[in-house]
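Engineer: any chance you can model this:
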Amino acid sequence: MIDLAVILENAKPIVRETGVWIQSMVNNIGESDIQYKGTNDLVSFVDQTAETRLKAGLSAVFPEAGFVAEESASDYSEVGDGYYWVIDPLDGTTNFLHRLPIYAVSVGLIYQKQPILGLIYEPNRDELFYAAKGQGAYLNERTIQVSQQAFMSKSLLATGFPYYDFSYQDRYLALLKELMRTSHGLRRMGAAAIDLAYMACGRFEGFFEANLKPWDVAAGKIIIEEAGGRVTNFSGGDAVIFEGEIIGAGPIFDEFLGTLQAKWFVD
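Structural biologist: Below is the predicted model of the structure:
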């Protein structure tokens with residue numbers, strides 16, 4: 001039996017130190033350092049070096065775990081039911097490259113394809129969000145919980161815009177139009193890990209996005225759940241990490257999910 005508390009404590013300085021290094025590089029990167037993995041999908045040596053640092057440190061913490069990491073895992077179909085670190089070394093790369101201070105390091109640990117531990121470090125605010133299954137959720141050693149707002153009409157929501165797959169754009173815009181009418185508003189931060197972390201500590205009441213990868217959501221899902229929130233796919237099922245879609249909220253969850261489904265699942 002692994003000790004999640006020990007793994008978490010040993011992983012925290014690795015994630016934080018990687019984020020501090022990323023922050024030190026923000027003014028040392030130029031146009032020539034940027035590569036394109038696909039349409040609007042940017043990467044730099046900072047992402048790649050950060051991933052290498054995380055892998056080295058986390059391998060020492062828990063050698064038995066495999067890796068699913070953004071910059072080295074183009075195909076994760078072979079992921080089994082064992083332990084895997086799921087890593088986004090720099091979530092919000094486009095923000096980082098534009099020197100917009102909204103980006104984070106995101107590290108989750110999954111077992112049987114479900115997250116059991118997660119850490120998200122936002123270096124601009126020096127905020128480390130973390131959780132382990134059954135042990136609560138924290139921000140810099142302080143316990144956090146999701147917003148207890150019970151009305152969508154009084155809720156601030158977060159999302160991510162399509163940036164490479166526009167096949168569902170009409171459904172998405174219809175949903176945005178409805179949510180604009182029925183909430184306090186929507187925010188698009190440009191980093192799903194930060195959206196999820198901010199929801200976990202009550203800054204947002206809800207979050208949804210499609211076309212996400214495992215490394216975008218693995219850490220955030222367990223942090224939100226340990227903070228008292230609910231996270232599912234758009235159909236309301238528990239399979240989120242490899243489904244490519246996620247919706248999360250506190251008390252407004254049922255109303256939020258119903259609104260989404262009414263606009264998303266159309267002929």
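
Engineer: least trustworthy helix or strand in this structure by mean pLDDT?
Structural biologist: In the chain, the helix or strand scored least confidently by mean pLDDT, DSSP states H and E is strand 41-43, which has a mean of 48.

Engineer: contacts for the next helix or strand after it next, please.
Structural biologist: Downstream of strand 41-43, the first helix or strand assigned by DSSP states H and E is helix 45-61. Outside helix 45-61, the residues within contact range by CB atoms under 8 Å, 6 or more residues apart in numbering are 7, 10-11, 14-15, 17-18, 21-22, 25, 29, 33, 65, 67, 69-72, 85, 87, 89-90, 93, 96, 105, 107. From N, CA and C alone the C-beta is placed, and that goes for glycine too.

Engineer: residue ranges of the strands in the stretch 1-150 of the chain, please?
Structural biologist: Secondary structure of the stretch 1-150 of the chain (DSSP state E, counting those that start in this stretch): strands at 35-38, 41-43, 66-69, 83-91, 104-111, 114-122, 127-132, 137-139, 142-143.

Engineer: highest mean neighbour count out of these?
Structural biologist: Per residue and on average, the most neighbours among the strands of the stretch 1-150 of the chain fall to strand 104-111, with a mean of 28 (mean count of other CB atoms under 10 Å).

Engineer: of all the strands of the stretch 1-150 of the chain, which one is nearest residue 210?
Structural biologist: Among these, strand 41-43 comes nearest to residue 210, with 15.5 Å by CB to CB.

Engineer: hmm, back to that, export the strands of the stretch 1-150 of the chain as CSV, with columns for distance to residue 192.
Structural biologist: Listed next are the strands of the stretch 1-150 of the chain as CSV, based on distance: least, CB to CB, whole Å:
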stretch, distance to residue 192
strand 35-38, 17
strand 41-43, 14
strand 66-69, 16
strand 83-91, 6
strand 104-111, 8
strand 114-122, 10
strand 127-132, 13
strand 137-139, 17
strand 142-143, 23
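
Engineer: nearest to residue 188, out of these?
Structural biologist: The closest of those to residue 188 is strand 83-91. By CB to CB, the value is 13.9 Å.

Engineer: who are the packing partners of the closest one?
Structural biologist: In terms of contacts (3 or more CB pairs under 8 Å, 6 or more residues apart in numbering; DSSP states H and E), strand 83-91 is packed against helix 4-24, helix 45-61, strand 66-69, strand 104-111, helix 192-200, helix 214-226.

Engineer: hmm, 6 Å instead?
Structural biologist: Here strand 83-91 touches helix 45-61, strand 66-69, strand 104-111, helix 214-226, going by 3 or more CB pairs under 6 Å, 6 or more residues apart in numbering; DSSP states H and E.

Engineer: residue 175 is in what secondary structure piece?
Structural biologist: Element membership for residue 175 (DSSP H and E) is helix 169-182.

Engineer: still on that earlier bit, now render the helices and strands packed on strand 83-91 as JSON lines, adding distance to residue 127 and mean pLDDT.
Structural biologist: Listed next are the helices and strands packed on strand 83-91 as JSON lines, based on distance: least, CB to CB, whole Å; pLDDT from 0 to 100:
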{"stretch": "helix 45-61", "distance to residue 127": "17", "mean pLDDT": "93"}
{"stretch": "strand 66-69", "distance to residue 127": "22", "mean pLDDT": "92"}
{"stretch": "strand 104-111", "distance to residue 127": "9", "mean pLDDT": "98"}
{"stretch": "helix 214-226", "distance to residue 127": "12", "mean pLDDT": "97"}
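
Engineer: distance to residue 131 for these - can I get that in TSV?
Structural biologist: TSV is the format used below for those (distance: least, CB to CB, whole Å):
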stretch	distance to residue 131
helix 45-61	16
strand 66-69	19
strand 104-111	10
helix 214-226	4
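
Engineer: quick revisit: what comes up buried for the helix holding residue 175?
Structural biologist: 172, 175, 176, 179 (16 or more other CB atoms under 10 Å).

Engineer: other SSEs contacting it?
Structural biologist: Using 3+ CB pairs under 6 Å, 6+ apart, helix 169-182 is in contact with helix 253-264.
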